[in-house]
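[1] Need a 3D model of the following:
(one chain, ligands or ions: 1)
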Amino acid sequence: MSLASAPSNRPDPATAGFPAPPARTARPVRRIASLALSAAILVTGSLAVTAVSAPTPAEAMVPPGAIGATTPPMGWNSWYFFNNNITAKAIADQAAGLATPNANLALTGTGTHKSLADLGYRDVSIDGGWWTGSGSGRDASGTIVPNAGFLPSGAMSKAVTLSNGTTVPAHALNTMKDLTDYVHALGLKAGMYTDTGTTGCGGQRGSGNNEAKDVTTFADWGYDWVKVDHCGGTPTKYGTVMADYKDWGSLTANAKSSAGVAHPLALEICEWGTGAPDGPWVWGGAASRTWRTGRDITGAAGYGTTSNGGSTWINWSQVQGNFNLNDHPSNEGPGQYNDPDYLLIGPGFGDNPATGQQQTHGTDTTLWGLTPDEQQSYFGMWAIQGAPLVLATDTPNLTAASAAIVGNESVIAVDQDSAVHQGQKVIDNGNVQVWSKQLATAGTRAVLLLNTSSTSQTYSFTTQNLGLNGTATVQNLYTGAGLGTLSSTGSKSFTLAPHQSVMLKLTGATEQKPETVFAPTATGISQKSWNGSTWSGWQTLALGTAGSTGPGSIQGEPAVVSSAGGVDVFVRGTDNALWANTYKNGAWGSWVNLGGTLSASPTAASLGRDRIDVFVRSTDGKVYQKTFQQTPGASDLPAYWYDVKWTTSWVGQDAPNATTIVGAPTAVASLNRIDLFARGTDNALWQKSYVSGEWTGWTKRGGTLSSSPTAVSGHPGQIEVFAALSPTGNIGQLSWTATGGWSSTWYDLGRAGTGAPTASQVGDRINVYIRATDNTLWQWYRIGTGPTGTWQQLDSTTKLTGNPAAAAHP
Ligand code: GLA
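    Model prediction:
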């Protein structure tokens, strides 16, 4: 029984830097915290195989819970300004504030001032407090009712003249439906709020055990979505937080009024990123459009209407903390948004209406709230992450200072970009972070340079540091000023005050699309990298001494995953254990022994920024899985929680027909799913999938394979599998799309190699690498769709001693 080595020391997430370019399949800045496992555990690892149906093409790319949100939701929420002290009248006044032309916002084409709604802030969201109250919270028929003060009979909303000249008359607010009717008349949408538990936050009644009935009630009242909190949700109703919310997802997507009229509601998950077995960024997209990734950005007592002088206490560390926790770029896509909580910018949040500055409270001379620079950064940080932009401020009284921030249409456009890429952290030196977001127009990026420190910082970068080639035209999106050009040699320097940021738009450069190919050679693992225009020479990673400082030599081929956080390589060592190493900041780390007894090469897939899954074949011929992930915490989380480690046990994934697999498995991850493929004893390709937090069983995909398969996915909803086929040994290709399903035949790519191929995908380009029959490295590549591609020899001299493995760098 061999036990593992000591953990390697990776850079702390807060200080690590890696100037790699961003893209969709990013992953982690993280630490390997341990460890190895006994061979016995691997062989007898529990077979946690759930036999559910295989994924079908019908799986929607935009989940039902995303209704009405093809880009991140924007609007206003009642929680931080009103706390529990809300009334229908107060909500209506804030809705009117969104819809009314605001003298602090730009002019429309007709010369009228725009409203916040004209800029996209259209979602009016009621939060906790609407049914806080005594008694059961339900009427005799069990229908949930608002608290006694929420709907004072006879109260009126305001008449509003919209920027297009239409006047919306005042409405009486006698019923919940009166409120949604008014919100809708203003051209806005209305959101309801409840809790998974039988009680909610602060002791009010929740929807636990009344879920279906309450969804019908919300549909009757005309709401468009519902935020479902988790204060009373433990213990869970269906066994896990995920199962509870998936039930909510299906209830809301299929909602009907009590008259039986379909009225789908979108869902917003609020369980603060604590859910097990995975965080909601992994499974939330199957049920909802947004999921909170951290705790409330402030729990400070005192709200806009209460005794603290009209300000909720928000400070910089809370903003930075929730921003860091929201860093899940692999889990964001159209209709699926990571949510770092609301925007506490403007009146009510330390923004003195006269000066836009922090203010004191009564006799307390401490300056509370955020500085103007911090408020500006807060908004830029949410926009670069493609977060929901939900204001907490007093909308009718928006000041000029805060309007200049939340009304900046260029910054809003970055958040609302139709490609829905979450920005990625490409540089972090401990004082300065650089975030980069690919925009829908090719070659266009938004870049946020942020001073996270409390002293002034000067920082400069080139296009190369951002993963771009060529020359970019640069614009400052906060001021609109043109800043000339940035190139691979001509850097630009910025000096930023504490917590200050600058948001730039870069146009005209081209993506580097770098990648690295790894292959065993006589001296170790050799790597060769493409920087967007040329290949590097081979560089070698030594394999250490077998069984002590490294794998010694490799059996089979390495497995590779890559991200903005580095490149992770996994190999089967001479001792048959799984060994890992990470390339980061231009250097390899130490080898880490992850244990187990492998009988084939490993394969790895990265499901998110903070998660890698490695799959191996053990001596029983079956597949086992080990996971490196951020462990969701159960209770209140510190602002910078990051408990990342390898799971200690192996999870069994069995084999097709409960027999064995032939050769090595291959795994590929894309938006919220991992697909695992293997060659069965019948030589056919088999597939097993982890979709939004749940495993399917094994399903046959056919073909007659003569090697292990390899799979790639550069886009959500698309997978390509390659393998050598019998009887020719030529490489074949099988394709899947979420909309079209599997291609009916394997395409023959017309060339044979030695052993299994490897593949990588960058954007629309797919690269397949083989160890050719003369042991040199050959590449097949295809740009766009279809089976037509080109073969080329990459190096005629270096001889490979095993099969290659390729990783595209995001
Ligand atoms: C929790 C949520 C907040 C808010 C309050 C209401 O704290 O995280 O967003 O909904 O409950 O009580």
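
[2] Can you report how many residues neighbour residue 589?
    If you count neighbours by other C-beta atoms under 10 Å, residue 589 ends up with 18. From N, CA and C alone the C-beta is placed, and that goes for glycine too.

[3] Repeat that for residue 529.
    So residue 529, with other C-beta under 10 Å, has 19 neighbours.

[4] For it, list each beta-bridge partner.
    With DSSP bridges as the criterion, residue 529 is bridged to residue 516.

[5] was I right about it contacting residue 512?
    No: with contact defined as C-beta atoms under 8 Å, residue 529 does not reach residue 512; the gap is 10.6 Å.

[6] So what are the structural domains in the chain, by residue number?
    Here the domain parsing of the chain from automatic domain parsing is 3-7+40-63+512-805, 74-415, 424-511.

[7] now the ones you listed in a markdown table, with mean pLDDT?
    Below are the domains of the chain laid out as a markdown table (pLDDT from 0 to 100):
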| stretch | mean pLDDT |
| --- | --- |
| domain 3-7+40-63+512-805 | 82 |
| domain 74-415 | 88 |
| domain 424-511 | 92 |
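
[8] Redo those domains as JSON lines? Include distance to the ligand.
    Converted to JSON lines, the domains of the chain look like this (distance: least, C-beta to the nearest ligand atom, whole Å):
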{"stretch": "domain 3-7+40-63+512-805", "distance to the ligand": "11"}
{"stretch": "domain 74-415", "distance to the ligand": "3"}
{"stretch": "domain 424-511", "distance to the ligand": "24"}
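
[9] what's the residue of the chain most remote from its centre sitting at in phi/psi?
    No residue in the chain sits farther from the centre than residue 154, which is 45.3 Å out by C-alpha atoms, centre = their mean. The phi/psi pair for residue 154 (degrees, to the nearest 10) reads phi 90, psi -10.

[10] now residue 289
    phi -100, psi -30.

[11] and it, how many neighbours?
    With other C-beta under 10 Å as criterion, residue 289 counts 29.

[12] from what I can see it touches residue 266, true?
    Yes: counting by C-beta under 8 Å, residue 266 is a contact partner of residue 289 at 5.2 Å.

[13] all helices of this protein, in order?
    For the chain, applying DSSP state H gives helices covering 39-44, 79-82, 88-99, 176-185, 211-220, 241-253, 280-283, 316-325, 372-384, 400-406, 409-415.

[14] mind giving me TSV with those helices and columns for distance to residue 192 and mean neighbour count?
    Shown next, in TSV, are the helices of the chain (distance: least, C-beta to C-beta, whole Å; neighbours: other C-beta atoms under 10 Å):
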stretch	distance to residue 192	mean neighbour count
helix 39-44	48	17
helix 79-82	13	25
helix 88-99	11	24
helix 176-185	9	22
helix 211-220	5	21
helix 241-253	10	23
helix 280-283	19	28
helix 316-325	24	22
helix 372-384	23	25
helix 400-406	24	21
helix 409-415	24	20
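
[15] Tabulate the ones you listed in CSV, adding columns for distance to residue 431.
    Shown next, in CSV, are the helices of the chain (distance: least, C-beta to C-beta, whole Å):
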stretch, distance to residue 431
helix 39-44, 43
helix 79-82, 29
helix 88-99, 38
helix 176-185, 44
helix 211-220, 47
helix 241-253, 36
helix 280-283, 27
helix 316-325, 12
helix 372-384, 14
helix 400-406, 23
helix 409-415, 23
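
[16] for the ones you listed, which one sits closest to residue 202?
    helix 79-82 (11.3 Å; C-beta to C-beta).

[17] just how off-centre is stretch 666-680 within its chain?
    Computed by C-alpha atoms, centre = their mean, to the nearest Å, the chain-centroid distance of stretch 666-680 equals 19 Å.

[18] for stretch 596-611, same thing?
    That offset, for stretch 596-611, works out to 20 Å (C-alpha atoms, centre = their mean).

[19] The stretch 501-650 of the chain: strands as residue ranges?
    For the stretch 501-650 of the chain, strands defined by DSSP state E, counting those that start in this stretch occupy the ranges 501-507, 510-511, 515-521, 524-530, 539-541, 555-563, 566-572, 578-584, 587-588, 592-595, 603-608, 611-617, 623-630, 644-646.

[20] Neighbouring strands of the fifth one in the sheet, and parallel or not?
    Strand 539-541 has the following strand partners under DSSP bridges: strand 524-530 (antiparallel).

[21] In JSON lines: the strands of the stretch 501-650 of the chain, plus distance to residue 459.
    Listed next are the strands of the stretch 501-650 of the chain as JSON lines, based on distance: least, C-beta to C-beta, whole Å:
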{"stretch": "strand 501-507", "distance to residue 459": "10"}
{"stretch": "strand 510-511", "distance to residue 459": "22"}
{"stretch": "strand 515-521", "distance to residue 459": "27"}
{"stretch": "strand 524-530", "distance to residue 459": "26"}
{"stretch": "strand 539-541", "distance to residue 459": "29"}
{"stretch": "strand 555-563", "distance to residue 459": "22"}
{"stretch": "strand 566-572", "distance to residue 459": "21"}
{"stretch": "strand 578-584", "distance to residue 459": "20"}
{"stretch": "strand 587-588", "distance to residue 459": "22"}
{"stretch": "strand 592-595", "distance to residue 459": "33"}
{"stretch": "strand 603-608", "distance to residue 459": "28"}
{"stretch": "strand 611-617", "distance to residue 459": "30"}
{"stretch": "strand 623-630", "distance to residue 459": "28"}
{"stretch": "strand 644-646", "distance to residue 459": "27"}
